Structures are given as C-alpha cells and as structure tokens.
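*Asks:* Give me a 3D structure for the following:
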Amino acid sequence: MTKGGIAMPQAAIDLAKRFEGFERRVRRGTQITAVPYICPAGYWTIGYGHLCQPDHPAITQEQGELYLAQDLQAALAATLRHCPVLAAEPENRLAAMVDFTFNLGAGRLQTSTLRRRVNQRNWPEVARELRRWIHGGGRVLPGLVARREANARLIG
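*Replies:* Just a heads-up that it's a prediction; the model follows:
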C-alpha cells in the first residue's frame, strides 16, 4: 500500500492488528466471522476497528483485512497531509503516527499539540504528547495506555 510513493509501514499494520484484533468473532459452520460491537470509546465497530453501523452484516477475516487496508490508507494520507515532515523521517515514526490517526481520527491529529510537535521534529515531546491520549469514553483505558507506549517507543 502506498501514498504518493510512500509505502504503508509494516509496523503500522502490526500495531493496528495487535491493538484492534479481529474482534467479536462468531463461528458459523466452518467460517469465523466478526459482528458489530461497541468499542470502549462508544463507537460501533467491526473487524479490525472499522467504524460501522449497528446493523452491518457479519464479515469474514478477509473482509476485515480489506477494511483495515482501506482505513490505514486513509490514515496514512491524513497523517502525511497534517505532518508532511514524516515523509522524510524513519519509517517507525510514520508508523506510530499512522496508527494514532487510524485509532483516533484525522480530526484529533489536525487540532492537536501532538501535530505541532511532530512538525517541529521535537521527538521527545511527541512521545510525551502521545502518552496523553489514553482516554476513551471519559476514562483511562488500559489498552490505550499500552498502545500509546508502543507508539512512543516507535517515535524513539
């Protein structure tokens, strides 16, 4: 997957799969499918964190992978639009920020101090800012704490 010649970092795919998982699996005969569920932040989701409507039909893991690829591609485009300096940084930094954008959305990145710190190339402050994004549904979520630590480690 590429955006303007920039390939999707494998670390971004790995983070999304690690922290999203192929959730709410249901065995139907020999096939395992995923059904919509409400994520900890209160959004209807299916597969690997793909936003959906509550009545979305069940999907196979293959369909979940396709959704993930599309969602990550959109996150990559938004990340590079808001943080163009990442095009010239090590792949792990781009991966961390693509995962952030995938997880929280381009709007959150666009209006954040985190974005300013990335574009200033102030990597210690980027890591510090990432560690602040640990709330979902009005509370600290242990999964987000772990995810932000993983993002911060990739920033370096």
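*Asks:* Residues in contact with stretch 72-90: which ones?
*Replies:* Identification of contacts with stretch 72-90 by CB atoms under 8 Å, 6 or more residues apart in numbering yields 1, 3-4, 6, 8, 12-13, 16, 93-94, 97-102, 106, 109-110, 115, 118-119, 121, 156. Just so you know, the C-beta spots here come from the backbone N, C-alpha and C atoms, and that holds for glycine as well.
*Asks:* Report the buried residues of stretch 117-135.
*Replies:* Going by neighbour count (16 or more other CB atoms under 10 Å), the buried part of stretch 117-135 is 117, 118, 125, 126, 127, 129, 130, 133, 134.
*Asks:* for stretch 20-34, same thing?
*Replies:* Buried, per 16+ other CB under 10 Å, within stretch 20-34: 20, 22, 23, 33, 34.
*Asks:* Which members of the contacts of stretch 72-90 are classed as buried?
*Replies:* 3, 6, 8, 12-13, 16, 93-94, 97-102, 106, 109, 115, 118.
*Asks:* Filter the residues you listed down to the ones in helices?
*Replies:* 12-13, 16, 93-94, 97-102, 106, 109, 115, 118 (DSSP state H).
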